[in-house]
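In: Okay, sequence plus prediction incoming.
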Amino acid sequence: MNDISQVFSWIDNHREEVIDLLQRLVRVPSVNPWFLEEPGQRYEEQVQDLIAEELRFFGAVIDRWQPDPQDLSKYQGKPGYYPDHKFNGRPNQAGLIRGVGKGKSILLTGHVDVVKAGSDWSVDPFSAVRKDGKVIGRGVVDMKGGITAMISAIKAIYSVGFKNAGDICIGTVVDEEAGGMGTLAFVDRGYRADGCILTEPTDLTIAPLCRGILWGKLTIKGRSGHIELPQSDWRNGGAVDAIRLSRYFLDQFDVLNADWANRKTHPLLPMPCQVYVAQLNAGDYPTTFAGQAELVFNAQYLPAERDHNFLGGKVKKEIEDFITSVSQKDEWLIHNPPKVEWLIDADCAETPINHPFVETCKASLLQVTDKAVIEGIGSHTDMGWFVNVGIPTINFGPGKPSVAHQSDESLNEEDLIIATKVLAVIVMNWCGITKLSQ
């Protein structure tokens, strides 16, 4: 039996142990306090305790610390920095497993925080029940399944008598669901590697790219007036319907999207970048023209469009200039220009598909499955800062991204096992292994 077959056999024979670890992680309700009206107890630390207990099996050296916004203030204006975030009882953690040779190093990383459970669950969202070959619970996909797989992969390698030649670091961070300050603190701590895998859910595809995400709010000023009575021209004090102006901007966003559909594409992404209006808030009374309207929109951008701060400043200006141009075609809007407020700028990154690390990950995936799909992620992940400091990075993990944050979030047990095998093979191929007795 060859080296890989021994590892696969261990994983198959300890399938229940792998699933049990996932269940134990999910049963700690580590909801990011940003989602809670009364944060109460900080459960993220309990998840880190559980992970640390697992990592000690490999003799990992544990480093645990709480991110400090004051210490990170040098990153103001850059991705992941939020001066008002608090981290009391919410530590980051790194488990370093030193190699015994000259192999390349790897960082396996993920976030321990989850979004709140929400409603409409058929089971207790933190019970991690098993049903029809799946584990159901908040965070099974995003992303405690990935954390389980990376821990179990290293455990399998050690359990059959191998040790890594290159260093392995298992990093688990907080606060990803509220902006990524945990990852910023992790990179600031000085952790580096020759390759990095975020075990975010990718449905077992290799994702060396994620898009940047902008949330914006366009406020359009109108003038209220009785909706049932004749109105004079606005120059003479008549009403101006902000909802009508909203329709005008919605039509113009369609024009912009047609342009973006041709220009803002990427061969690894199934859809182009677009500006989508997600919320429309307008009006006060059924008898009054809306005096104001707000359009909250989502816009995506590509790594090639990042500004000097690794963010979407160039795309923000493009959208602002477009809105200004549109406004110049309406006399009311010329005198009453709409206002754009930026709510979120979640960064992006890309690792070239011909990079040796990506090629190693692809070859490793083919040692487990009969296909290796490489596809970018249309949303944001925390890969940006790792790429920014020179670490080739991919996203790879079990679970369909589309079920993250949903009620009855679930993960196929078989996908968890496959992901564990793939991560084990990547570590063996990239870091190298040797027999413990050697």
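Out: On my side now, so go ahead. Residues are numbered from 1 along each chain as shown.

In: In contact with the closest residue in space to Asp142 that isn't next to it in sequence, which residues are there?
Out: Spatial nearest neighbour of Asp142, chain neighbours left out: Ala404 (3.7 Å); criterion: Cβ to Cβ, 6 or more residues apart in numbering. For every residue, glycine as well, the C-beta is placed using N, CA and C. Shown in contact with Ala404 (Cβ atoms under 8 Å, 6 or more residues apart in numbering): 141-143, 201.

In: quick one, helices of the stretch 201-350 of the chain?
Out: Secondary structure of the stretch 201-350 of the chain by DSSP state H, counting those that start in this stretch: the helices cover 242-263, 313-327, 331-335.

In: Oh, that last question was meant for the stretch 1-150 of the chain, not what I typed.
Out: In the stretch 1-150 of the chain, the helices defined using DSSP H, counting those that start in this stretch lie at 3-13, 15-26, 44-55, 145-159.

In: Now do the longest one: which elements does it pack against?
Out: In this structure, helix 145-159 packs against helix 3-13, helix 15-26, helix 44-55, strand 106-111, strand 162-164, strand 168-173, helix 413-431, with contacts taken as 3 or more Cβ pairs under 8 Å, 6 or more residues apart in numbering; DSSP states H and E.

In: And the closest residue to Asn92 other than its chain neighbours, how far from Gly180?
Out: Leaving aside its sequence neighbours, Asn92 sits nearest to Val173 (Cβ to Cβ, 6+ apart; 5.0 Å). Separation of Val173 from Gly180 (Cβ to Cβ, to the nearest Å): 8 Å.

In: tell me, what's touching those two both at once?
Out: Asp382.

In: For those two, work out which one has more neighbours and name it.
Out: A side-by-side neighbour count of Val173 and Gly180, using other Cβ atoms under 10 Å, places Val173 first with 27 against 24.

In: How about the contacts made by the more buried one?
Out: 92-93, 109-112, 182-183, 185-186, 382 are the contacts of Val173 under Cβ under 8 Å, 6+ apart.

In: switch the cut-off to 6 Å
Out: By Cβ atoms under 6 Å, 6 or more residues apart in numbering, the contact set of Val173 is 92, 111, 182-183, 186.

In: Now find how far off-centre the lowest-mean-pLDDT helix or strand in the chain is within its chain.
Out: Ranking every helix and strand in the chain by mean pLDDT, DSSP states H and E puts strand 433-435 at the bottom, with a mean of 87. How far strand 433-435 lies from its chain's middle: 34 Å, per Cα atoms, centre = their mean, to the nearest Å.

In: Stretch 86-101 now?
Out: Relative to its parent chain, stretch 86-101 has a centroid offset of 20 Å by Cα atoms, centre = their mean.

In: Kindly check the end-to-end length of that stretch for me.
Out: 40 Å (Cα to Cα, to the nearest Å).

In: Any buried residues in that stretch, and which?
Out: 87, 90-97, 99 (16 or more other Cβ atoms under 10 Å).

In: Now do it: everything it contacts.
Out: 42, 44-45, 48, 55, 58, 60-67, 163-174, 182, 185-186, 191, 434.

In: and Ile213, which of the helices and strands packed on helix 145-159 is closest to it?
Out: Within the helices and strands packed on helix 145-159, the stretch nearest Ile213 is strand 106-111; the backing value is 16.4 Å (Cβ to Cβ).

In: Just give me the neighbour total for the closest residue to Ile433 other than its chain neighbours.
Out: Closest residue to Ile433 apart from its sequence neighbours, by Cβ to Cβ, 6+ apart: Phe162 at 4.3 Å. Applying other Cβ under 10 Å, we find 21 residues neighbouring Phe162.

In: okay but Ile62 is in contact with Ala52, surely?
Out: Yes - at 5.2 Å, Ile62 and Ala52 qualify as touching, with contact defined as Cβ atoms under 6 Å.
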